[in-house]
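Colleague: I would like the atomic coordinates for the input below:
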Amino acid sequence: MAVLVFNSKLETFQKIRGQRVKWVVVVLVLLVGWEVGWWLTGIRPMSPARLKALLEGEEGRRPQVIDVRTRAEFGWLHIPGAVSHPDLLSNPEAFSAKSKEDHLVFVCFSGHRAPVAAYRLKRLGHENLSYLSWGMLAWMLSGGGTVGGEGGR
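Modeller: Take a look at the predicted model:
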């Protein structure tokens, strides 16, 4: 009797474990697919390490960081030098850059709003666009500096 109960519990555990593995695989495919999908549209994901290196580089070659989060999120914390443009998701036509060839890096909290905003500007003729992969979450986890307060445009 004890062997039957043990076997039954073991089978149940194996089924649950198998379901968890399937869900983990599905989530990983979706996450990787998100990054690859935007890359294929011409909106390049950028790692926090790469953005840090570019921001510490030569003055004239630094990208402009465009933060598309809400004003409250931006006020809470943002990347030093970032400009707040929460309206880019709803009104990309209102955005003005010095040149459509300027390198713009879009930032949001988790990396899901930024590529959408970048893609909308790409459709308006902007060319050199990237987004911070995994957004401010990745930036903070990688030790990227932040500042608080309003600012922006």
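Colleague: Quick check: which ranges of this protein have low pLDDT?
Modeller: Regions of the chain meeting the criterion pLDDT under 70 cover residues 1-18, 31, 150-153.
Colleague: residues contacting the residue nearest to the spatial centre of the chain?
Modeller: Nearest to the geometric centre of the chain sits G111, at 1.8 Å (Cα atoms, centre = their mean). Shown in contact with G111 (Cβ atoms under 8 Å, 6 or more residues apart in numbering): 45, 131-135, 137-138. Yep, even glycine has a C-beta here, placed from its N, CA and C like the rest.
Colleague: which one of these sits closest to L55?
Modeller: Comparing those against L55 with Cβ to Cβ places L132 closest, at 11.1 Å.
Colleague: If the closest residue to that closest one other than its chain neighbours is in a bridge, with which residues?
Modeller: Once flanking residues are discounted, L132 sits nearest to V107: 4.6 Å by Cβ to Cβ, 6 or more residues apart in numbering. Beta bridges link V107 to D67 when assigned by DSSP bridges.
Colleague: rewinding a little: next one: phi and psi at the residue nearest to the centre of the chain?
Modeller: phi 90, psi 20 (degrees, to the nearest 10).
Colleague: how close does it get to L30?
Modeller: Plainly put, G111 is 13 Å away from L30 if you go by Cβ to Cβ, to the nearest Å.
Colleague: now do Q64
Modeller: Look at Q64 and L30: by Cβ to Cβ, they are 30 Å apart.
Colleague: The two: who's more crowded?
Modeller: Q64 (14 against 9; other Cβ atoms under 10 Å).
Colleague: List the contacts of the closest residue to L124 other than its chain neighbours.
Modeller: The shortest distance from L124 to any non-neighbouring residue, by Cβ to Cβ, 6+ apart, is to P92 (6.0 Å). Listed by Cβ under 8 Å, 6+ apart, the contact partners of P92 are 117, 120-121, 123-124.
Colleague: if you set the cut-off to 10 Å instead, what comes out?
Modeller: 85, 116-124, 126 (Cβ atoms under 10 Å, 6 or more residues apart in numbering).
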